[in-house]
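Visitor: coords please:
(one chain, ligands or ions: 1)
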Amino acid sequence: MPQHHKDVIVIGAGISGLVCAYRLKTLGVDVALLEKSARVGGVIHSERIDGFLIERGPNSSQGTEELVALVEELGVTDELVEGDPKAPAYVYFTGRLHAVPSGAGAFIKSKLLSFAGKLRIFKEPFVRVRRSEAEESVASFARRRIGREAAERMVAPFVSGIYAGDAEQLSVQAAFPKLANLETGYGGLFRGTFAKALEARRARKSASAVLDKAAPTRRRLCSFKDGMAFLPQTIASKLGEDLLTGCEELRIADRGSRIEATLPDHAPENPQSTGFSVEFERAGRNHKLTCNRLVIATPAKTAATVVAGVSDHLSHLLNEIEYPPLAIVSLAYDESTIATHLDGFGFLAPPSQGLNILGCVWNSSLFPDRAPRGQALITAFVGGALNPRAARAADSELVAIAHGELQKVLGISSDPQVVAITRYERSIPQYNLGHFARVQRIESLLRDLPGLRLIGNYLHGVSTGDCIKDADRVAREVRSWRAASS
Ligand SMILES: Cc1cc2nc3c(=O)[nH]c(=O)nc-3n(C[C@H](O)[C@H](O)[C@H](O)COP(=O)(O)OP(=O)(O)OC[C@H]3O[C@@H](n4cnc5c(N)ncnc54)[C@H](O)[C@@H]3O)c2cc1C
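Guide: I've put the predicted structure just below:
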């Protein structure tokens, strides 16, 4: 590294750290991004094995405006692949797969809910608004607004799919803030959805819509020809020598760590005076960098150890965030041996249905070139907050669980080719009850620590799109501090 002082050091090259460092660089800030692993992308990890393109982390991302804009800016729009907008997601219920209804007609015909269950949903506009300030679980919110059946059969499986979480524990205010706002801001889900659609239509008609037309169009489910990891790899290539991977001894996690985060003066009224020194080992050599601003883009537990010397309270709040274990089993089958036509995204299983798998993604149906011709690639997820023990089963047991349950649900008559098994002891942060308040407290403590920022999937949304949005926002904020102090 040519210089020993940087304006900003970002630690952790998952999508959050990469986007933050990239944005800082494009804004003219002298930045270094330090990553402990030899690989960038964090949990975003695609790999080609025996002609299969497997995903060890996210299989896809919602095509949010921020993601599409970033992809355009990077000049790689041609590499995007989009899932078929008509491809359904299924829910496994009472021994069969039900397509999640995507319109009124399909909803009425669907057998996922009973007649009474459907009627209960239509009563939603007449449900009173909850007045309590306390956080409410996703399950309780769903039961209250759309009834027990829909909560169990439509909401709980999606909670497993997104968070590998427990709907009884997840906070609707933290995990699904837009949903919670439909009630508090508009009086209910139906009312809010209609009001928002009207607002959007008016906005499109207004004069500013002329400018908005330049905004990228959202897409449905997206990935890249070479898998999700293409995005972090592309950003890494733009960072060039400002990215250092393999900072192996950058042990923030342990006491006596080789990274020191020192705040010589962290008086809030004097933001110019902060400074940090970061020590680490790379390729057998010790390095020391200093910087004015530090952005920690690691998982919460690691961030907790970095800030421990500065704020015990902040460190404690970060340590409280739970990440359940999860195992991902990538299995391949000869297509002709699968009785079910794999025409969609995959299926999710409500916890009440007694499966060990949370659900699965039908990779080779969702995106092109995921498997050799005639083969189907299926990714099954095992474990999560409701079944942590299953995630820790031995490889052979994991395969038996995943294959046995897929065989039963999809009608498979052959043995699988086991393409890969991926394990996370700590997978997706759980936005459980109290998380909304916790994040507010974290933000307020950070305001007293100028020069230090935290980003990552444990703060303002777990999805790839949310991480991109937040990392970009924080980069602009850090840039403005620098502008103010220079
Ligand atoms: C199994 C799984 C499936 C998912 N599926 C989807 C999906 O389908 N769609 C979707 O939108 N989202 C999905 N997500 C969520 C989303 O992809 C992640 O939330 C997001 O990628 C997290 O990015 P991050 O940069 O915040 O954290 P991470 O990816 O965890 O990156 C943190 C980085 O910090 C580094 N680091 C850690 N310690 C240190 C240290 N001491 N020094 C230096 N570096 C360090 C790590 O090596 C890593 O590179 C999924 C997540 C998981 C785990």
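
Visitor: And the average pLDDT for the helix of greatest length in the chain is what?
Guide: The longest helix of the chain (DSSP state H) is helix 464-485. Taken as a whole, helix 464-485 has a mean pLDDT of 88.

Visitor: which helices and strands does that helix pack with?
Guide: For helix 464-485, the packing partners by 3 or more CB pairs under 8 Å, 6 or more residues apart in numbering; DSSP states H and E come out as strand 5-11, helix 15-26, strand 61-63, helix 65-74, strand 285-296, strand 452-454. Glycine gets a C-beta too; all of them are placed from N, C-alpha and C.

Visitor: Render the CA-only coordinates of it in PDB, please.
Guide: Provided in PDB are the C-alpha atoms of helix 464-485 (Å, rounded to 0.1, in the frame of the first residue of the first chain):
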ATOM      1  CA  THR A 464     -28.700  -7.400  -0.500                       C
ATOM      2  CA  GLY A 465     -30.700  -4.400  -1.800                       C
ATOM      3  CA  ASP A 466     -31.100  -2.900   1.700                       C
ATOM      4  CA  CYS A 467     -27.400  -3.300   2.300                       C
ATOM      5  CA  ILE A 468     -26.500  -1.500  -0.900                       C
ATOM      6  CA  LYS A 469     -28.900   1.300  -0.100                       C
ATOM      7  CA  ASP A 470     -27.600   1.800   3.400                       C
ATOM      8  CA  ALA A 471     -23.900   1.500   2.500                       C
ATOM      9  CA  ASP A 472     -24.300   4.200  -0.200                       C
ATOM     10  CA  ARG A 473     -26.100   6.500   2.300                       C
ATOM     11  CA  VAL A 474     -23.400   6.100   4.900                       C
ATOM     12  CA  ALA A 475     -20.600   6.700   2.300                       C
ATOM     13  CA  ARG A 476     -22.300  10.000   1.400                       C
ATOM     14  CA  GLU A 477     -22.600  10.900   5.100                       C
ATOM     15  CA  VAL A 478     -18.900  10.100   5.700                       C
ATOM     16  CA  ARG A 479     -17.900  12.100   2.600                       C
ATOM     17  CA  SER A 480     -19.800  15.100   4.000                       C
ATOM     18  CA  TRP A 481     -18.000  15.000   7.300                       C
ATOM     19  CA  ARG A 482     -14.700  15.000   5.400                       C
ATOM     20  CA  ALA A 483     -15.900  18.000   3.300                       C
ATOM     21  CA  ALA A 484     -16.900  19.800   6.500                       C
ATOM     22  CA  SER A 485     -13.600  19.200   8.100                       C
END
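
Visitor: Buried residues of that helix, list them for me.
Guide: Using 16 or more other CB atoms under 10 Å as the test for burial, helix 464-485 gives 464-475, 478-479, 481-482, 485.

Visitor: what residues does the chain put near the ligand?
Guide: 11-17, 34-37, 42-44, 57-61, 247, 250, 252-253, 297-299, 302, 326, 424, 427-428, 456-457, 462-465, 467 (CB under 6 Å from any ligand atom).

Visitor: picking up where we left off before, return the most buried member of the helices and strands packed on helix 464-485.
Guide: Stretch with highest mean neighbour count among these: helix 15-26 (a mean of 27; mean count of other CB atoms under 10 Å).

Visitor: so how far is that helix off the chain centroid?
Guide: The chain centroid and the centroid of helix 15-26 are separated by 17 Å, computed with CA atoms, centre = their mean, to the nearest Å.

Visitor: Cross-check the contact I'm expecting between residue 141 and residue 182.
Guide: No - if you go by CB atoms under 8 Å, residue 141 and residue 182 don't touch, sitting 10.5 Å apart.

Visitor: quick one: which of those two has more around it?
Guide: Per other CB atoms under 10 Å, whichever of residue 141 and residue 182 has more neighbours is residue 141, with 25 against 20.

Visitor: tell me the pLDDT at the more buried one?
Guide: 97.

Visitor: Next secondary structure element downstream of the helix or strand bottoming out on mean pLDDT in the chain?
Guide: Ranked by mean pLDDT, DSSP states H and E, the helix or strand of the chain with the weakest confidence is helix 209-212, at a mean of 51. Heading C-terminal from helix 209-212, the first helix or strand you meet, by DSSP states H and E, is strand 219-224.

Visitor: quick one on the thing from earlier: least confident of the helices and strands packed on helix 464-485, on average?
Guide: Among these, strand 285-296 scores lowest, at a mean of 89.

Visitor: which residues sit against that one?
Guide: Residues outside strand 285-296 that contact it (CB atoms under 8 Å, 6 or more residues apart in numbering): 1, 4-12, 17, 20, 32, 34, 247, 261, 274-281, 302-303, 306-307, 451-456, 474-475, 478, 481-482, 485.

Visitor: just checking, residue 55 touches residue 48?
Guide: No - if you go by CB under 8 Å, residue 55 and residue 48 don't touch, sitting 11.1 Å apart.

Visitor: Would you mind telling me which of these two has the busier surroundings?
Guide: Legend: neighbour count by other CB under 10 Å for residue 55 and residue 48, higher for residue 55 (26 against 11).

Visitor: Give me the spatial nearest neighbour of the more buried one, chain neighbours excluded.
Guide: Counting by CB to CB, 6 or more residues apart in numbering, residue 55 lies nearest to residue 46, which is 5.4 Å off, once chain neighbours are set aside.
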